[in-house]
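In: what's the 3D shape of this:
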Amino acid sequence: MRDDVENGAPDAVLLEALRDGDIDAGEALFRRHAEPLRRIAAGWVTQPTERDDLVAEAFVRVLTIIRAGGGPRENLRPYLAVTMRNLVAKWSRHRNRVELYGTAPATEEATAAAGAEELVILRSNARLAWTAYCALPGRWRTVLWRCEAEGDSPKVVAPLLGVSPNGASVLALRAREGLRQAFLQAQVPDAGTPCCREARRRMGAWLRGGVPDRRANLITAHLAGCEPCRTVVTRLDEVNREMPPGARAASA
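Out: Just a heads-up that it's a prediction; the model follows:
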């Protein structure tokens, strides 16, 4: 089946293989349809991270149905698009019922409730941590607050977000990493010259390995010739070393 996957087999062939338990077929379907679906999702949600969450959750739901023997037999994308549309409607209803804290919690209260490393940051610098938290997409803020500050399990939070318990767990992992990147980014000073702006705009994510290769290479090349930006990265790296590893290592 791997040869069929690599040779661009039609959806019908890959779907049948997936029903037979071929994991490679599922990965091939994701690679084929993920980017077009992100473009569709852009018409419904504005945050890139929310588009990724929407596409990922749609794939999880649809591929689960397919592996159980149901779902489409030929063209997968329309089925995924309908699933995304239904998820958007459901998430919108849930979002309208979610009450988020509008002001920063007192540091002492937050640290008393905190159980994860992200909220422990509040003890040393509440303002930076809160700035980073507020920069996150709404769904990430919700899952972090409910799971980390209030101690709810993914199973409890899942209905609130309109996802499966597994989906809530994945969302929480993405949100934690997003908070780490945002916390670093909140410490990046404004660029003194226009040529530094693009590198500094994603410096927190770059340091955590969260930037696509092409853009990461551009930032790396800029740092090679820019001493002020290298100084910023050196200081950020000291903070980053106190955090769990990111998706991949980046070095200044």
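
In: and the spatially most central residue of the chain, what element?
Out: For the chain, R174 is the residue whose C-alpha lies nearest the centre (C-alpha atoms, centre = their mean; 4.2 Å). For R174, the enclosing helix or strand under DSSP states H and E is helix 165-185.

In: Any regions of this structure where pLDDT drops low?
Out: 1-7, 92-126, 149, 246-252 (pLDDT under 70).

In: All the strands of it, in order from the start?
Out: With DSSP state E as the criterion, the chain has no strands.

In: got the domain boundaries for it?
Out: 2-97, 99-186, 188-252 (automatic domain parsing).

In: re earlier: and the helix holding R174, what's buried?
Out: 167-172, 174-185 (16 or more other C-beta atoms under 10 Å). Bear in mind the C-beta positions are built from the backbone N, C-alpha and C, glycine included.

In: Check the offset of stretch 204-214 from the chain's centre.
Out: How far stretch 204-214 lies from its chain's middle: 13 Å, per C-alpha atoms, centre = their mean, to the nearest Å.

In: Actually, stretch 216-224.
Out: Stretch 216-224 sits 23 Å away from the centroid of its parent chain (C-alpha atoms, centre = their mean).

In: With stretch 59-76 instead?
Out: How far stretch 59-76 lies from its chain's middle: 24 Å, per C-alpha atoms, centre = their mean.

In: same thing with stretch 44-58?
Out: On the basis of C-alpha atoms, centre = their mean, stretch 44-58 sits 9 Å off its chain's mean C-alpha point.

In: Can you give me the buried ones in it?
Out: 44-45, 49-58.

In: what's the closest of those to R197?
Out: T49 (21.6 Å; C-beta to C-beta).

In: so what's the residue nearest to that closest one when sequence neighbours are not counted up against?
Out: Residue nearest to T49 in three dimensions, not counting chain neighbours: P137, with 4.9 Å by C-beta to C-beta, 6 or more residues apart in numbering. Shown in contact with P137 (C-beta atoms under 8 Å, 6 or more residues apart in numbering): 47, 49-50, 178.

In: how near is P137 to G69?
Out: As for P137, its distance to G69 is 35 Å (criterion: C-beta to C-beta, to the nearest Å).

In: Could you do P189 as well?
Out: Taking C-beta to C-beta, one finds P189 at 56 Å from G69.

In: between the two, who's got more neighbours?
Out: When P189 and G69 are compared for neighbours, P189 comes out ahead with 11 against 7, by other C-beta atoms under 10 Å.

In: What are the neighbouring residues in contact with the nearest residue to L144 once chain neighbours are set aside?
Out: Nearest residue to L144 in three dimensions, chain neighbours excluded: A175, at 4.9 Å (C-beta to C-beta, 6+ apart). By C-beta under 8 Å, 6+ apart, the contact set of A175 is 136, 139-141, 143-144.

In: what sits up against stretch 37-48?
Out: Residues contacting stretch 37-48 (C-beta under 8 Å, 6+ apart): 50-52, 54-55, 58, 77, 80-81, 84-85, 88, 137.

In: from these, which two are the most distant?
Out: R77 and P137 (24.6 Å).

In: can you pull out the helices in the stretch 51-200 of the chain?
Out: Assigned by DSSP state H, counting those that start in this stretch, the stretch 51-200 of the chain shows helices spanning 76-97, 107-113, 117-124, 126-134, 138-144, 154-161, 165-185, 194-201.
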